[in-house]
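S.K.: Requesting a structural model of the entry that follows:
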Amino acid sequence: MSIPKKKRELISLAQKVLSKHQLDAEQSKLNVLDWSKFDEKIQQALAMQNTAEDLARKSKLTTEQCDLLLQDIHDHLRSSRDVLTGVFKSEMKKLGDWGYDVIESARVAKAKKEAV
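M.R.: Here you go, the predicted structure:
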């Protein structure tokens, strides 16, 4: 007989074993072990597992909502960059004033290629 590795299944088995132990009372074969503290531990583990699963669901939903917002922000920033690129076509460094990282090496490489 194997003991489950998944948390929810482990808690479920512990509840079943404890329930049978309590039902058998004085006749329980598990009276050789101290089960007196385990009811509370099982309940705590179950509550914590429920909280963890709830937080995982909330985290996934929050991440999905954030991703949607970030896609809109990304698209708007791209459009803004494109507008500024048109306005400052000959002064690309000006985009740095708006917070964009201007990579000068690409422009220098293009200028060198055109000069040849």
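S.K.: quick one: E64 from L30, how far?
M.R.: 46 Å (CB to CB, to the nearest Å). No exception for glycine: its C-beta is placed from N, CA and C like everyone else's.
S.K.: For those two, indicate the residue with more neighbours.
M.R.: Set E64 next to L30 and count neighbours by other CB atoms under 10 Å: L30 wins out with 13 against 9.
S.K.: For S2, see how far away the more buried one is.
M.R.: 19 Å.
S.K.: So which bits of stretch 4-19 are buried?
M.R.: 11, 14, 18 (16 or more other CB atoms under 10 Å).
S.K.: Give me the mean pLDDT for it.
M.R.: Mean pLDDT, computed over stretch 4-19, is 96.
S.K.: got the CA positions of it in PDB?
M.R.: Below are the C-alpha coordinates for stretch 4-19, written out as PDB (Å, rounded to 0.1, in the frame of the first residue of the first chain):
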ATOM      1  CA  PRO A   4      -0.200   9.400  -1.700                       C
ATOM      2  CA  LYS A   5       2.300  12.100  -2.700                       C
ATOM      3  CA  LYS A   6      -0.400  14.600  -3.700                       C
ATOM      4  CA  LYS A   7      -1.300  16.900  -0.900                       C
ATOM      5  CA  ARG A   8      -5.100  16.600  -1.300                       C
ATOM      6  CA  GLU A   9      -5.000  12.800  -1.500                       C
ATOM      7  CA  LEU A  10      -2.700  12.600   1.500                       C
ATOM      8  CA  ILE A  11      -5.000  14.700   3.600                       C
ATOM      9  CA  SER A  12      -8.000  12.600   2.500                       C
ATOM     10  CA  LEU A  13      -6.200   9.400   3.500                       C
ATOM     11  CA  ALA A  14      -5.300  10.900   6.900                       C
ATOM     12  CA  GLN A  15      -8.900  11.900   7.500                       C
ATOM     13  CA  LYS A  16     -10.100   8.300   6.600                       C
ATOM     14  CA  VAL A  17      -7.500   6.700   8.900                       C
ATOM     15  CA  LEU A  18      -8.300   9.000  11.800                       C
ATOM     16  CA  SER A  19     -12.000   8.500  11.300                       C
END
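S.K.: Relative to the whole chain's centre, how far out is it?
M.R.: 26 Å (CA atoms, centre = their mean, to the nearest Å).
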